[in-house]
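**Student:** Provide a 3D model corresponding to the input given below.
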Amino acid sequence: MALSDALKQEIQVAYRAVLEGKGIRARYGQRLMIAEIARYLGGITENDGQRTSAPATCVVEAGTGTGKTLAYLISAIPIARALGKTLVVSTATVALQDQIVNKDLPDLRKHSKLKFNWTLAKGRGRYLCMSRLEARLHDEGNGDSDTMPLFLLDENSDEEPGTRAFFEDMLARYGSREWDGDRDHWPTQIPDDTWRQVTTDHRQCTNRHCSYFDSCAFFDARKGLEEADVVVANHDLVLADLALGGGAILPEPENALFIFDEAHHLPDKALNHFAASVPLNGTQQWLKQLSQALAKIPPFLAPATLAAKTVDKISTAARDVGVELDQVYQQVNLNTDWDMSEERRSAQWRYPEGALPEDLRELAGNAQVATATLVRQLGVLADELQKAFDDKKEHDVDRETAEAWYPVIGSFHSRAEDQLRLWAAWREDRPLDDEGKPKGPPAARWAIKQRWDHAEDITLYSSPILADNLLHSRLWSRAYGAVLTSATLTALGRFDRLQSRAGLPSDSRFLVVPSSFRYADMATVEVPSMTVLPTDEGYAEALVKRLPELWAGEKATLVLFNSRRQMHDVRDALAADYPELIMTQDDMAKGEVLKQHCERVDSGKPSVLFGVASFAEGIDLPGKYLGHVVVTRLPFSVPDDPIDASLAEWVTERGGNPFMEITVPDASIKLVQAVGRLLRTEQDTGRVTILDRRIVARRYGQLLLDALPPFRRIIER
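**Tutor:** Residues are numbered from 1 along each chain as shown. All right, here's what the predicted structure looks like:
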């Protein structure tokens with residue numbers, strides 16, 4: 001669709017109106033970004049609403065201060081409306097999702113005079129299930145209730161202090177509309193174990209058949225989805241929808257324009273989404289819970305009905321799965337060279353090139369067959385229970401039984417499907433080309449053995465090592481259009497790493513938007529002299545000695561570590577001499593840590609934050625709240641990460657250099673993100689100190705330095 005003059009005019013008028021309405025000036029980088037996205041979307045050819053041009057994406061790296069959210073919204077919304085497509089804005093974090101819905105979109109509509117509406121889309125698991133909440137309260141009030149078995153799956157749920165009072169408060173707030181049922185909008189952080197008791201998934205939800213359907217938080221949030229011009233989602237939800245074929249939750253990719261904000265997270269999110277795992281002993285415990293549930297259901301089913309017969313078949317299938325798991329456990333436990341000791345209670349074993357020993361491969365096949373049977377029979381029972389919700393027909397199962405048991409069987413069914421994914425992945429052969437040679441990278445397959453005081457377990461894992469084919473086949477080749485943006489998309493100044501990891505089409509467009517920051521005037525990057533390297537023994541002691549010198553005289557300092565253990569060791573060594581100065585990100589919830597840090601700065605007291613990877617990217621401390629970022633170690637990946645190790649192995653197999661092709665580019669991205677904490681507005685100033693001398697002592701160090709923003713450099717020799 002060629003951009004019409006009227007559409008160009010609409011975008012320009014809207015942009016000017018926003019600038020005037022908010023009293024802000026145009027930013028050069030923001031204007032470039034608006035123009036680039038508009039050109040890309042206008043260059044897509046179509047026929048009868050379907051894209052006819054080759055798949056292509058628009059990739060824009062736009063640093064802090066660009067105003068990229070306004071740029072992509074103001075360019076994409078008018079074009080999406082003109083095309084009759086839904087604009088799907090996907091973020092990596094709930095915080096940004098909420099900011100776009102509650103601040104950016106209302107702000108844009110108010111000032112731009114553009115006419116559009118929007119809705120928020122989150123996964124079902126982020127919302128309260130009233131049926132489960134009611135059953136939870138009923139369960140506690142009735143002791144060993146046989147009629148409400150929903151919480152057979154909840155471990156230790158009754159041991160939590162104040163559980164009933166908490167759930168009653170939840171019910172009261174939802175009933176009075178003080179709370180909308182969204183987990184992220186509850187005033188405090190809800191622990192995962194607690195939340196699992198009152199939420200549901202698609203296998204447990206009875207949808208329109210639920211007595212709470214008309215007041216369901218999830219479906220209330222979804223009502224505007226089909227009519228919305230803009231749907232604000234997150235990467236996990238987009239990937240979940242693609243796994244279901246696309247169009248099951250969100251608009252079909254062919255009828256959507258996608259904006260992926262924080263797009264550097266997308267490849268890792270895709271890998272996580274398509275990974276699978278099975279804890280062998282944990283699954284045996286789960287099978288016991290299944291047996292307990294199956295022992296309670298027969299009194300509610302008429303004998304000789306399909307449902308009753310299926311219960312017996314599920315019991316048999318579950319026993320078969322247990323037998324197969326025992327054999328797999330024995331094989332992996334006895335034939336793996338575990339590096340375990342009394343002090344070391346966890347060990348990992350990776351299968352080189354993803355190749356399993358033949359005996360183990362055969363046992364995995366047996367487990368796959370047995371688990372597939374269990375999945376199939378659980379599906380049959382779930383279908384029989386679901387039929388009871390149709391009041392127009394007579395059924396073997398009464399509705400009350402179905403309402404009590406459908407969510408339970410659905411939960412078991414979902415869990416069994418997850419287990420089947422692991423066995424299928426372990427059995428999958430590596431594809432071959434026409435000459436019979438391996439085509440594409442192998443899967444990463446590994447096992448982790450863990451030991452506790454009174455138990456141990458072995459968990460099996462499988463994961464793709466690149467998300468390129470998954471994203472290309474399910475997303476880029478289908479989407480009408482897609483824009484990827486973030487402050488950090490290039491590695492060492494190039495988009496190559498992102499293109500290979502995300503499988504971006506060859507016709508994609510790439511742009512780095514220049515920053516409005518005057519980096520050389522605003523900040524310095526300093527590399528002081530150090531007598532030891534992070535790889536040397538005694539580096540932690542050197543940090544303990546050096547850090548106080550670095551934060552002396554500073555109001556607000558952020559110290560970033562690669563290792564949690566080292567962070568805690570250094571803090572423990574310094575805490576006595578510097579009481580009430582240091583906080584680590586593990587001391588309390590992230591928001592509370594940042595709040596206390598800011599309060600301390602506001603009161604005129606110095607504050608030092610210690611953090612690891614999530615603090616190197618996910619915090620925003622403008623102005624006086626951060627004046628000094630200290631990087632203790634270059635952010636190279638942990639060498640025993642099985643996915644990275646498998647990828648390195650494959651790159652080596654193809655004659656490449658994994659350190660220079662993967663490790664250094666990935667470290668560059670993380671380092672840019674870390675130093676990016678310093679300057680958040682055009683008025684900020686400060687300094688970055690890098691204590692890892694490898695950045696000047698190794699050949700690759702120059703590449704890392706040159707990829708940083710052009711701060712003024714102070715390097716001690």
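**Student:** how confident was the prediction at the nearest residue to R124 once chain neighbours are set aside?
**Tutor:** Excluding the flanking residues, the one nearest R124 by Cβ to Cβ, 6 or more residues apart in numbering is F218, at 5.2 Å. Every C-beta, even on glycine, is put in place using the N, C-alpha and C of the backbone. F218 carries a pLDDT value of 88.
**Student:** report the contact partners of F218.
**Tutor:** Shown in contact with F218 (Cβ atoms under 8 Å, 6 or more residues apart in numbering): 124, 127, 129, 181, 205.
**Student:** quick one: which of those residues is most hemmed in?
**Tutor:** Neighbours here mean other Cβ atoms under 10 Å. Within the contacts of F218, the largest count is held by C129, at 26 neighbours.
**Student:** measure the residue nearest to P528 when sequence neighbours are not counted to L533 for me?
**Tutor:** Spatial nearest neighbour of P528, excluding adjacent residues (Cβ to Cβ, 6+ apart): E716 at 5.1 Å. Separation of E716 from L533 (Cβ to Cβ, to the nearest Å): 15 Å.
**Student:** who's more crowded, those two?
**Tutor:** Between E716 and L533, counting by other Cβ under 10 Å, L533 is the more crowded of the two (15 against 10).
**Student:** pLDDT wise, what is that one at?
**Tutor:** 94.
**Student:** from D684, how far off is it?
**Tutor:** 31 Å.
**Student:** also E226?
**Tutor:** Counting by Cβ to Cβ, the gap from E226 to D684 is 43 Å.
**Student:** more neighbours, these two?
**Tutor:** For E226 versus D684, neighbours defined as other Cβ under 10 Å are more numerous around D684 (20 against 10).
**Student:** quick one: the more buried one is in a helix?
**Tutor:** No: counting by DSSP: H, G, I helix; E, B strand; the rest coil, D684 is not part of a helix but coil.
**Student:** mind listing what it touches?
**Tutor:** Contacts of D684 by Cβ under 8 Å, 6+ apart are 522-523, 622-623, 678.
**Student:** now do the helix-or-strand element of the chain with minimal mean pLDDT: which elements does it pack against?
**Tutor:** Within the chain, no helix or strand scores below helix 130-141, which has a mean of 77 by mean pLDDT, DSSP states H and E. Judged by 3 or more Cβ pairs under 8 Å, 6 or more residues apart in numbering; DSSP states H and E, helix 130-141 is in contact with helix 163-175, helix 399-427.
**Student:** make a markdown table from those and add distance to I79 to it.
**Tutor:** Listed next are the helices and strands packed on helix 130-141 as a markdown table, based on distance: least, Cβ to Cβ, whole Å:
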| stretch | distance to I79 |
| --- | --- |
| helix 163-175 | 39 |
| helix 399-427 | 38 |
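**Student:** can you show me the helices along the stretch 351-500 of the chain?
**Tutor:** Per DSSP state H, counting those that start in this stretch, the stretch 351-500 of the chain carries helices over the ranges 358-387, 399-427, 468-471, 496-502.
**Student:** which elements pack onto the longest one?
**Tutor:** Read that as helix 358-387. Using 3+ Cβ pairs under 8 Å, 6+ apart, helix 358-387 is in contact with helix 306-334, helix 399-427.
**Student:** thinking again about what came up before, how would you label the residue nearest to R124: helix, strand or coil?
**Tutor:** Quick answer, by three-state DSSP: F218 is helix.
**Student:** returning to what we had before: nearest to P438, of the contacts of F218?
**Tutor:** R124 (38.6 Å; Cβ to Cβ).
**Student:** can you report phi and psi for that closest one?
**Tutor:** phi -50, psi -30 (degrees, to the nearest 10).
**Student:** for E549, see how far away it is.
**Tutor:** Distance from R124 to E549, by Cβ to Cβ: 52 Å.
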